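Asks: the following block contains a protein sequence and its predicted model.
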Amino acid sequence: MRIEYHRTLIADHVRNEAFFSALKAAIVPGKSVVADIGAGTGLLGLMASKLGAKEVFLFETAEVAAVAGAVLKANKAKRCHLIPCHSTEFRDKLAVDIIVSETLGNYALEENIITTLADARQRFLKPGGKVIPNRIIQYVAPVVSPRIDSELRAWERVGHGLDLSVAQTMSLNNAYVRALKPDEVLDGCRSSMVWDEIDLTSETKSKRRGEAEWRLPRPATIHGLATWWKVELSAAVGFSTGPLSPRTHWEQLYFPLLSPIDGAASDLISVELRSASSEEGGTHLSWTALHRNAENKILARQTLDLDKGYLP
């Protein structure tokens, strides 16, 4: 992994200031022991130390751990201890007051934050301790702009009488990281729906499933789905990766449809999203869109699966 990726994290002012505020509210100077899981270059751990944490344990397993070590040394962070392994592999005893982890992706769960925090919470966290973040809320909304859909259908415009529809179908069975403008989403994002809520302070499943439904107020063509998330770091601090929120280094995810849905006023558009993430198996995503008329008759059903987008 090149250092450039970590520069994008450091450059994300929204992210950094939110985590700093949450740590400041949680840390009792001279008393709080903090575990920073997925420490990267060590920014959050250094913040915790700067805010007066008694001790900070930084877990990082990637190549950047060496950079974190050098950064800690350069900052003379004597109360910071770098542990170059994944927190789930650590077997020594550890008791901390605060667990902080910024292991979030464009799809919030792609870095296995649920299982990682569950393990750390059970083995490291003192009774009454705090977990940062504590909640993730996932949103979905129909995309009414043809911009991304047109991009993905380049296969059918190759011309010369050639049929590349097999490859196009594979392209559509993928999720794409894209920045969407509010006016590209149904009702300017005002119709976005919560499809999943995750409590990171208690036992929860890493397999997720959720639904959402819209009755169209006017005719609209639905080209795909957009998803994003909001994270709660504490009761008063959080941020969102949605199109209406201040920009972060994360963007939205675009889920294509096999065919655009031409909806009439009062038609129902419903979606189901499913995901499973694990360290061993990676992230699997699938989605189903259902189009029904005002009388509830099914006009079309489309099911797509990320696994079908991989080359055989």
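Replies: Cool, got the structure.
Asks: quick check: domain ranges of this structure?
Replies: The chain breaks down by automatic domain parsing into domains covering 3-102, 136-309.
Asks: which one, of these, ends up nearest to Ala118?
Replies: With CB to CB as the criterion, Ala118 lies closest to domain 136-309 of the domains of the chain, at 6.8 Å. C-betas here are computed from N, CA, C, even on glycine.
Asks: got a list of what Ile136 touches?
Replies: Applying CB atoms under 8 Å, 6 or more residues apart in numbering to Ile136 gives the contacts 104, 108-109, 113, 196-198, 200, 229-232.
Asks: out of those, which is nearest to Lys54?
Replies: For these, the nearest to Lys54 is Leu200 (23.5 Å; CB to CB).
Asks: surely that closest one meets Ile137?
Replies: No. When contacts are counted by CB atoms under 8 Å, Leu200 is not listed as touching Ile137 (11.4 Å).
Asks: ok, these two, which is more surrounded?
Replies: Leu200 (21 against 17; other CB atoms under 10 Å).
Asks: ok, that one - contacts?
Replies: 113-114, 117, 131, 133-136.
Asks: tell me the spacing between it and Thr288.
Replies: 27 Å (CB to CB, to the nearest Å).
Asks: could you find the closest non-adjacent residue to Leu109?
Replies: Among residues not flanking Leu109 along the chain, Ser277 sits closest, at 4.7 Å (CB to CB, 6 or more residues apart in numbering).
Asks: wait, the one you found sits on Gly105?
Replies: No. Contact criterion CB under 8 Å: Ser277 and Gly105 do not qualify, at 9.3 Å.
Asks: the more surrounded of those two?
Replies: Taking other CB under 10 Å, Ser277 and Gly105 do not tie; Ser277 has more neighbours (22 against 16).
Asks: any idea what the more buried one is bridged to?
Replies: Thr283 (DSSP bridges).
Asks: and it, how close does it get to Gly242?
Replies: For Ser277, the distance to Gly242 - CB to CB - is 21 Å.
Asks: give me the contacts around the one helix or strand Val271 maps to.
Replies: Remark: Val271 resides in strand 268-278, with elements defined by DSSP states H and E. Contact partners of strand 268-278, identified using CB under 8 Å, 6+ apart, comprise 107, 109-110, 112, 114-115, 140, 142, 195-196, 206-216, 222, 225, 227, 255, 261, 263, 283-294, 296.
Asks: rerun at 6 Å
Replies: For strand 268-278, the surrounding residues in contact (CB atoms under 6 Å, 6 or more residues apart in numbering) are 109, 112, 142, 195, 206-215, 222, 225, 283-290, 292.
Asks: select from the contacts of Ile136 every entry located in helices.
Replies: Using DSSP state H, the subset of the contacts of Ile136 located in helices is Ile113.
Asks: for the contacts of Ile136, which one is nearest Pro29?
Replies: Scanning the contacts of Ile136 for proximity to Pro29, where the rule is CB to CB, the winner is Glu232, at 23.9 Å.
Asks: state the distance from the closest one to Thr201.
Replies: Taking CB to CB, one finds Glu232 at 10 Å from Thr201.
Asks: what do these two both touch?
Replies: With CB under 6 Å, 6+ apart as the test, Glu232 and Thr201 both reach Asn134.
Asks: tell me which of those two has more neighbours.
Replies: Neighbour count, other CB under 10 Å: between Glu232 and Thr201, Glu232 has more, with 19 against 16.
Asks: from one end of stretch 275-290 to the other, what's the distance?
Replies: Stretch 275-290 has an end-to-end distance of 18 Å (CA to CA, to the nearest Å).
Asks: returning to what we had before: turn the contacts of Leu200 into TSV, including secondary structure, pLDDT and distance to Asn16.
Replies: Formatted as TSV, the contacts of Leu200 follow (DSSP: H, G, I helix; E, B strand; the rest coil; pLDDT from 0 to 100; distance: CB to CB, whole Å):
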residue	secondary structure	pLDDT	distance to Asn16
Ile113	helix	97	18
Ile114	helix	97	23
Leu117	helix	98	20
Val131	strand	98	19
Pro133	coil	98	14
Asn134	coil	98	18
Arg135	strand	98	20
Ile136	strand	98	19
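Asks: hey, where'd the strands end up in the stretch 201-312 of the chain?
Replies: For the stretch 201-312 of the chain, applying DSSP state E, counting those that start in this stretch gives strands covering 208-215, 220-232, 238-240, 252-263, 268-278, 282-292, 298-305.
Asks: tell me which of the ones you listed approaches Ile83 most closely.
Replies: For Ile83, the closest of the strands of the stretch 201-312 of the chain is strand 268-278, at 22.2 Å, according to CB to CB.
Asks: buried residues of the closest one, list them for me.
Replies: Of all the residues in strand 268-278, those buried under the rule 16 or more other CB atoms under 10 Å are 268-269, 271-273, 275-277.
Asks: nice, that's everything, thank you.
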